[in-house]
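**Student:** below are the sequence and a predicted model; questions follow.
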Amino acid sequence: MRRIYSIGGGKGGSGKSFIAASLGILLAKHGKRVVLVDLDLGASNLHTLLGMQIPEKGLDSYVDKTASHLGDVALTTTVPNLYLISSTRCSLEIANLFYAQKLKIISAIKTLPFDYILLDLGPGTNFNTLDFFLIAREGFFVTTPEPTAIENTFIFMKSVYLRKLKLSLKEANLWHTYQEEIAKLSRGAFKSPLDLINILIARDPEKGRVFEELLSNLEFRLILNKFRGQVNENLGEQLVEVCNRHLYPSFSFLGNVSYDNRVYESVLARNIFINKYPYTKTVSNLQNMVRNLTGEQQESLRVKVQQ
Amino acid sequence: MIKKFEDFNYYELLRISYNASSFEVRQAYKHMLAIYEENSLATYSLFTEDERKLILSKIEDAFMILIDDEKRKAYDNDLVNAGEAPDNLLTAREKKKAIPIYQTSKARANNNSLARIKKKIREKEAGDLTATMLRGDQISGKDLKNVRESLGIELEEIFQVTKISPTALAAIEKDDVANLPPKIYLISFLKAYAEALQLDPRQIVEGYIKNIS
């Protein structure tokens, strides 16, 4: 079964690309066929984290129709089973994608022939980023234990919900009915997506429930990157609890990723961190996440119980 | 329908089950304070100062109500009447109570059986009875058993008073030499047994030892 994960988080430099690359590598090492899609248009650098030169083909070849399938522009990497769809060669203008092009990319990503499709997103909350994030039903929010990063992550989360609701309303031809009320509420930085849902329920309970269900279908996981000893070790759990209570009950905590100065060094040296320092805390944190995602942890637990 | 935070009841606010113990209430209260306190990293950007104050005072209220048995009962009543909590809430909690480490009821049982034994001995006017049964200088386990049974005292009651294991007591009464405790213990066991039945400990110990050796 194909699984799509989008990896975002609002703030630049929180380590989205590092997490995406690392999870991709580890999933590939588990024998899965994995493709990383660099969707940080205009500022893509996933290839650097994978120790690659500037790729000769990528998303641009699909957009300008040189390649007929998006899967054709997936590059092999030094890691077996891991592929990369780069957007390096996209012209600098591509950050402002045409709507039709965006839809074309989105539907192509959804049908890529891989086990795991990991979408690495850019910072900020512009519509392209949000729409790409919402390709996946399962999203990862990467943040660091700093007030600024956490603040941006909350804003990003809210924007994702607002965008999802808006797109779904448009799809159902209902956007005009609610546009004004929702715009009014979101102008004053709405508190919870439930406020938006409640507007719909107040007007039409039955339809409102449908949209409530639609948002409930999203599944979000939080990753706390660059975790250091002096940080409250429950912060991740606390954040997830706050999200579930004040935003929408769809969040779970995937884990901390320990800070390691050598991550920075290996980015500079264009080494793959996981390969160079496999026995670090950082890598074991990431391995636990992958085990969690592939469901291996549950299986080994089950074996233990049977014994 | 998903409940908004503003509509949470006190249990939901502290994220505990309806039958949480007072220990759990306290833990949950501390946990929530850590999340919503003023300099909490998890929520600092999420609320205005007024909103935070409101949340904190609501958590405070929740704690003060749920930690107080009387107030909690009244609150539970309101919840059940409002249809928010299950009807069995009020009876369900009775089952889950703190268990004391030292059970005083057990100690009382000990006193009870001692009193019971004394009463039985008094009623049967045991003096004459035991005198005829324990004649001679050798006393067997069977003699002891006969005395005990004629007084209407159970082996279990001897155990309650003396704390000598029932298997050891049974071995004594059966003259089961192979399973008797080492002599030094045997002597003190016999003494305790004799005292429990208000017999002369010296006579019993000497008679018993003579009989088995």
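**Tutor:** Arrived safely, thanks for sending.
**Student:** give me the neighbour count for A:Asn271.
**Tutor:** 15 (other C-beta atoms under 10 Å in any protein chain shown). From N, CA and C alone the C-beta is placed, and that goes for glycine too.
**Student:** so how far is A:Ser87 from the residue nearest to it when sequence neighbours are not counted?
**Tutor:** Nearest residue to A:Asn271, sequence neighbours excluded (C-beta to C-beta, 6 or more residues apart in numbering or on different chains): A:Gly51, at 6.1 Å. For A:Gly51, the distance to A:Ser87 (C-beta to C-beta, to the nearest Å) stands at 18 Å.
**Student:** those two - which one has more neighbours?
**Tutor:** Just comparing A:Gly51 and A:Ser87: by other C-beta under 10 Å the higher neighbour count belongs to A:Ser87, 28 against 19.
**Student:** the more buried one reaches A:Asp40, doesn't it?
**Tutor:** Yes: contact status for A:Ser87 versus A:Asp40: in contact at 7.2 Å, counting by C-beta atoms under 8 Å.
**Student:** how about the helices in the stretch 101-250 of chain A?
**Tutor:** A:127-133, A:147-171, A:175-187, A:193-203, A:205-216, A:235-246 (DSSP state H, counting those that start in this stretch).
**Student:** averaged pLDDT, the host helix or strand of A:Phe253. What do you get?
**Tutor:** Using DSSP states H and E, A:Phe253 sits in strand A:251-258. Computed over strand A:251-258, the mean pLDDT rounds to 94.
**Student:** immediately after that strand, which helix or strand?
**Tutor:** Following strand A:251-258 in sequence order, the next helix or strand is helix A:261-268 (DSSP H and E).
**Student:** contact partners of that following helix?
**Tutor:** A:Phe18, A:Thr48, A:Leu49, A:Ile272, A:Phe273, A:Lys276, A:Tyr277, A:Thr280, A:Thr282 (C-beta atoms under 8 Å, 6 or more residues apart in numbering or on different chains).
**Student:** check those residues and tell me the two furthest apart.
**Tutor:** With C-beta to C-beta as the measure, no two of the contacts of helix A:261-268 lie farther apart than A:Thr48 and A:Thr280, at 20.1 Å.
**Student:** kindly export the strand holding A:Phe253 (C-alpha atoms) in PDB.
**Tutor:** Output in PDB follows, covering the C-alpha atoms of strand A:251-258 (Å, rounded to 0.1, in the frame of the first residue of the first chain):
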ATOM      1  CA  PHE A 251      -2.100  14.700  16.800                       C
ATOM      2  CA  SER A 252       0.400  12.200  18.100                       C
ATOM      3  CA  PHE A 253       4.000  12.600  19.100                       C
ATOM      4  CA  LEU A 254       6.500  10.800  16.900                       C
ATOM      5  CA  GLY A 255       9.500  11.600  19.100                       C
ATOM      6  CA  ASN A 256      12.500  13.800  19.800                       C
ATOM      7  CA  VAL A 257      15.600  14.000  17.500                       C
ATOM      8  CA  SER A 258      18.600  14.800  19.600                       C
END
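**Student:** what are the pairing partners of that strand, and which direction each?
**Tutor:** strand A:219-227 (parallel) (DSSP bridges).
**Student:** how about the nearest residue to the closest residue to chain B within the stretch 1-150 of chain A, chain neighbours excluded?
**Tutor:** Minimum separation of the stretch 1-150 of chain A from chain B (C-beta to the nearest C-beta) falls at A:Pro147, amounting to 5.9 Å. Spatial nearest neighbour of A:Pro147, excluding adjacent residues (C-beta to C-beta, 6+ apart): B:Tyr44 at 5.9 Å.
**Student:** next up, the contacts around B:Ile164.
**Tutor:** B:Ile158, B:Phe189, B:Ala192, B:Tyr193.
**Student:** please identify the helix or strand for the first one.
**Tutor:** When elements are assigned from DSSP H and E, B:Ile158 belongs to helix B:155-162.
**Student:** how about the strands in chain B?
**Tutor:** With DSSP state E, there are no strands along chain B.
**Student:** spell out which parts of chain B neighbour chain A.
**Tutor:** Applying C-beta under 8 Å from any C-beta of the partner chain, we find that chain B lies next to chain A at B:1-2, B:4-5, B:8, B:15, B:34-35, B:40-46.
**Student:** can you show me the helices along chain B?
**Tutor:** B:10-14, B:22-36, B:49-66, B:69-81, B:89-92, B:104-124, B:126-133, B:141-150, B:155-162, B:166-173, B:183-196, B:201-212 (DSSP state H).
**Student:** so which of those helices gets nearest A:Gly58?
**Tutor:** helix B:22-36 (43.3 Å).
**Student:** how about low-confidence regions in the chain?
**Tutor:** You didn't say which chain, so I picked chain A. Chain A contains residues with pLDDT under 70 at A:91-96, A:188-189, A:297-307.
**Student:** that was the other one, I meant chain B.
**Tutor:** Short version for chain B, where the test is pLDDT under 70: B:91-111, B:125-129.
**Student:** which positions in the stretch 1-150 of chain A make contact with chain B?
**Tutor:** Counting by C-beta under 8 Å from any C-beta, the stretch 1-150 of chain A comes close to chain B at A:Pro145, A:Pro147, A:Ile150.
**Student:** 10 Å instead?
**Tutor:** Applying C-beta under 10 Å from any C-beta of the partner chain, one finds that the stretch 1-150 of chain A approaches chain B through A:Pro145, A:Glu146, A:Pro147, A:Thr148, A:Ile150.
**Student:** what residues are up against the nearest residue to the fourth one once chain neighbours are set aside?
**Tutor:** With C-beta to C-beta, 6+ apart as the criterion, A:Thr148 has its nearest non-adjacent residue at 6.7 Å, and that residue is A:Lys11. For A:Lys11, the contact set (C-beta atoms under 10 Å, 6 or more residues apart in numbering or on different chains) comprises A:123-124, A:142-144, A:146, A:148-153, A:155-156.
**Student:** tell me the secondary structure at A:Lys11.
**Tutor:** coil (DSSP: H, G, I helix; E, B strand; the rest coil).
**Student:** tally of neighbours for residue 166?
**Tutor:** Looking at chain A here, since you left the chain open. If you count neighbours by other C-beta under 10 Å, A:Lys166 ends up with 19.
**Student:** hm, I was asking about chain B
**Tutor:** The burial count for B:Pro166: 12, using other C-beta under 10 Å.
**Student:** for it, give me its contacts.
**Tutor:** Residues in contact with B:Pro166 (C-beta under 10 Å, 6+ apart) are B:Glu154, B:Leu155, B:Glu156, B:Ile158, B:Phe159.
**Student:** the last one contacts B:Arg148, correct?
**Tutor:** What that stands for is B:Phe159. No: B:Phe159 lies out of contact with B:Arg148 (C-beta atoms under 10 Å); the separation is 11.8 Å.
**Student:** which one's more surrounded, those two?
**Tutor:** Neighbour count, other C-beta under 10 Å: between B:Phe159 and B:Arg148, B:Arg148 has more, with 20 against 17.
**Student:** verify the stated contact: that one with B:Leu197.
**Tutor:** Yes: contact status for B:Arg148 versus B:Leu197: in contact at 6.4 Å, counting by C-beta under 10 Å.
**Student:** list residues touching both of the two?
**Tutor:** Taking C-beta under 10 Å, 6+ apart as the contact rule, B:Arg148 and B:Leu197 both touch B:Ile117, B:Ile158.
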